[in-house]
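Colleague: Pasting the sequence and the predicted model now:
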Amino acid sequence: MDPSLDTWDFSPLIPLWINRYYIYLGFALGISLWICFQIVIRKQSFIFKGKNSQERSIPKATRDLMTDGYISLHKKEDFVSGVKIFYGSQTGTAKEFATILAEAVTSLHLPVTIINLKEYDPDDNLVEEVTSKIVCAFLVATYTDGRPTESAEWFCKWLEEASNDFRFGKTYLKGMRYAVFGLGNSAYASHFNKVGKNVDKWLWMLGAHRVMTRGEGDCNVVKSKHGSIEADFRAWKSKFISQLQVLHQGEKKSCDGNCRKGKCESSQHGSEEMEPGSHTKDRSHQRDPEEEEEPFESSSEEESGTEDHQSLTSVVDVEDLGKIMNLVKKEKGRNGFQKGS
Ligand SMILES: Cc1cc2nc3c(=O)[nH]c(=O)nc-3n(C[C@H](O)[C@H](O)[C@H](O)COP(=O)(O)O)c2cc1C
């Protein structure tokens with residue numbers, strides 16, 4: 001026996017030894033708590049990092065629209081991004097009106113472009129107006145035998161053929177918004193304002209949305225609605241500008257629901273602009289293209305859609321099929337349509 005062990009006093013360690021299991025338990029609990037704490041901290045930093053990298057992967061434009069991580073569809077919505085004014089002129093009146101209209105549009109702080117139809121190829125460019133949020137104004141003059149000016153000849157030929165070509169269909173220009181002001185002289189009774197009427201009709205047949213009633217400028221001061229072609233234009237221009245304001249603000253005009261497609265005959269159009277019976281005519285797309293239709297705010301697709309509304313909403317798959325067919329038609333139309341054919 002080691003004599004030095006006799007001199008050691010182990011008595012203070014005896015309670016520790018007796019309670020050793022409690023001490024082990026305490027240590028085990030401490031370690032478990034520490035592990036849990038570490039797990040929680042790591043999880044939190046992982047979520048934070050993930051959120052940051054996710055945010056970085058979202059394009060800036062989309063992030064600008066986000067509030068608390070959710071996209072707000074109404075924020076920064078721009079209902080009209082600008083106006084394109086197309087003109088077909090020979091002696092300069094339509095061109096001059098285009099400049100006056102551009103000035104008025106500029107006062108609304110909207111970008112505006114004036115385009116001579118001579119320099120515009122509808123084959124390449126017209127379909128762009130469908131998605132551009134642009135409003136297009138057409139100021140077109142009529143000449144001998146109801147013909148367009150030389151500068152607008154190709155544009156009119158293209159539109160006429162496209163609107164009568166089944167490959168384009170009535171949704172080819174769906175989404176495009178337009179208004180037409182025709183320049184003419186009622187002394188040429190049988191062809192008065194023929195080009196304005198036709199351009200308006202052809203765009204409508206291709207599914208473009210007419211934002212306001214077609215205007216008729218008449219050089220014949222005796223018969224002109226406002227006393228002169230300039231006054232006719234001024235009247236149309238002020239209506240166009242107020243309609244533009246409405247569109248720009250994204251407002252919907254109120255409707256009493258007593259008319260087709262929820263468009264109010266009484267509230268939307270001044271009576272002097274509407275010819276008798278124009279609003280109640282049957283406007284199905286199958287109507288005679290030569291028929292003199294009176295324009296109002298609409299598109300051919302919307303109007304023929306009214307009759308078909310019930311059947312379309314009840315057969316969703318057919319609707320999808322229709323959309324696909326229209327896309328195919330548009331593509332075919334674009335590929336198959338040859339200049340001057
Ligand atoms: C030779 C000639 C033929 C015309 N033929 C027609 C016509 O058939 N129908 C019509 O509505 N206006 C007709 N007009 C009137 C023009 O459309 C009108 O003067 C218009 O303001 C001309 O616009 P512009 O100066 O932009 O070319 C004719 C004018 C001229 C000089």
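Modeller: Arrived safely. Residues are numbered from 1 along each chain as shown.
Colleague: all contacts plus neighbour counts: C-alpha atoms, from now on.
Modeller: Noted.
Colleague: Those residues of the stretch 51-200 of the chain touching the ligand, which are they?
Modeller: Within reach of the ligand by CA under 6 Å from any ligand atom, the stretch 51-200 of the chain has these residues: 89-94, 141-146, 183-186, 188, 191-193.
Colleague: Just the CA trace of stretch 118-138, in PDB.
Modeller: Below are the C-alpha coordinates for stretch 118-138, written out as PDB (Å, rounded to 0.1, in the frame of the first residue of the first chain):
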ATOM      1  CA  LYS A 118     -44.900  56.100 -98.300                       C
ATOM      2  CA  GLU A 119     -42.000  55.100 -95.900                       C
ATOM      3  CA  TYR A 120     -44.000  52.500 -94.000                       C
ATOM      4  CA  ASP A 121     -44.000  48.800 -94.900                       C
ATOM      5  CA  PRO A 122     -47.100  47.200 -93.300                       C
ATOM      6  CA  ASP A 123     -45.800  43.800 -94.200                       C
ATOM      7  CA  ASP A 124     -42.800  44.100 -91.800                       C
ATOM      8  CA  ASN A 125     -44.100  46.600 -89.300                       C
ATOM      9  CA  LEU A 126     -47.800  46.600 -88.800                       C
ATOM     10  CA  VAL A 127     -48.000  43.600 -86.600                       C
ATOM     11  CA  GLU A 128     -45.600  45.400 -84.200                       C
ATOM     12  CA  GLU A 129     -48.300  47.800 -83.300                       C
ATOM     13  CA  VAL A 130     -50.300  44.900 -81.700                       C
ATOM     14  CA  THR A 131     -48.000  44.700 -78.700                       C
ATOM     15  CA  SER A 132     -46.600  48.100 -78.500                       C
ATOM     16  CA  LYS A 133     -49.200  49.900 -76.400                       C
ATOM     17  CA  ILE A 134     -49.100  52.600 -79.100                       C
ATOM     18  CA  VAL A 135     -52.200  54.300 -80.400                       C
ATOM     19  CA  CYS A 136     -52.200  54.700 -84.200                       C
ATOM     20  CA  ALA A 137     -53.900  57.600 -85.900                       C
ATOM     21  CA  PHE A 138     -54.400  57.500 -89.700                       C
END
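Colleague: mind listing what's buried in that stretch?
Modeller: 118, 120, 122-123, 127, 129-130, 133-138 (16 or more other CA atoms under 10 Å).
Colleague: farthest pair in those?
Modeller: 118 and 133 (23.1 Å; CA to CA).
Colleague: Which single residue of the stretch 201-341 of the chain ends up nearest the ligand?
Modeller: residue 219 (6.1 Å; CA to the nearest ligand atom).
Colleague: ok, now which ones touch that residue?
Modeller: 183-186, 228-229 (CA atoms under 8 Å, 6 or more residues apart in numbering).
Colleague: For residue 34, grab the count of nearby residues.
Modeller: Residues near residue 34, counting by other CA atoms under 10 Å, number 11.
Colleague: A strand includes it, no?
Modeller: No. Counting by DSSP: H, G, I helix; E, B strand; the rest coil, one finds residue 34 to be helix, located in no strand.
Colleague: Angles on the backbone of the residue of the stretch 201-341 of the chain closest to the ligand, please.
Modeller: Note on residue 219: backbone dihedrals following degrees, to the nearest 10 are phi -70, psi -20.
Colleague: tell me the pLDDT at it?
Modeller: For residue 219, the pLDDT comes out at 97.
Colleague: how near is it to residue 96?
Modeller: Per CA to CA, to the nearest Å, residue 219 is found 15 Å from residue 96.
Colleague: same thing with residue 196?
Modeller: From residue 196 to residue 96 the distance is 17 Å (CA to CA).
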